[in-house]
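Peer 1: next one to model:
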Amino acid sequence: MSNPIRLRSLYRSLLRELPPRPLAKSQSRSPLHNRLRNTFSSDAPNERAVEEVNQLVRYLRAQRQYTTLLERYNPGMGMDEEERVRLTARRVGMDLPVEYTEDGQKD
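Peer 2: Below is the predicted model:
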């Protein structure tokens with residue numbers, strides 16, 4: 001069986017990789033957190049289950065790192081096309097012309 005220190009470390013690693021929850025005193029633990037807590041606090045899981053959780057932690061860590069890198073190297077992903085075009089023009093030293101609407105107001 002796995003030793004308790006290793007299980008506690010694995011449990012904490014798993015919680016670290018899950019998306020953060022807003023800190024509010026009125027909110028209790030999420031259902032996922034409760035289920036994980038019950039799983040780890042019940043009878044000691046067998047070696048296969050421990051290895052599966054270890055693989056899950058590695059997968060979640062890789063996904064988080066992938067998302068971070070994607071956001072870092074593709075900064076325009078979350079922008080609309082108009083904003084992306086404006087920033088691209090600025091990057092090469094140009095400013096887009098001011099557009100006017102039909103009623104003569106600047107857009």
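
Peer 1: just say helix, strand or coil for A89.
Peer 2: helix (DSSP: H, G, I helix; E, B strand; the rest coil).

Peer 1: neighbours of it, how many?
Peer 2: Using other C-beta atoms under 10 Å, A89 has 12 other residues around it. In short, each C-beta sits where N, CA and C put it, glycine included.

Peer 1: from what I see, it and D95 are in contact.
Peer 2: Yes - contact criterion C-beta atoms under 8 Å: A89 and D95 qualify, at 6.7 Å.

Peer 1: against R6, how distant is S41?
Peer 2: Remark: distance between S41 and R6 (C-beta to C-beta, to the nearest Å) = 15 Å.

Peer 1: longest helix of this structure, counting residues only.
Peer 2: The residue-count maximum for a helix in the chain (DSSP state H) belongs to helix 47-73.

Peer 1: please identify the buried residues of that helix?
Peer 2: V50, V53, V57, L60 (16 or more other C-beta atoms under 10 Å).

Peer 1: which elements pack onto it?
Peer 2: helix 4-17 (3 or more C-beta pairs under 8 Å, 6 or more residues apart in numbering; DSSP states H and E).
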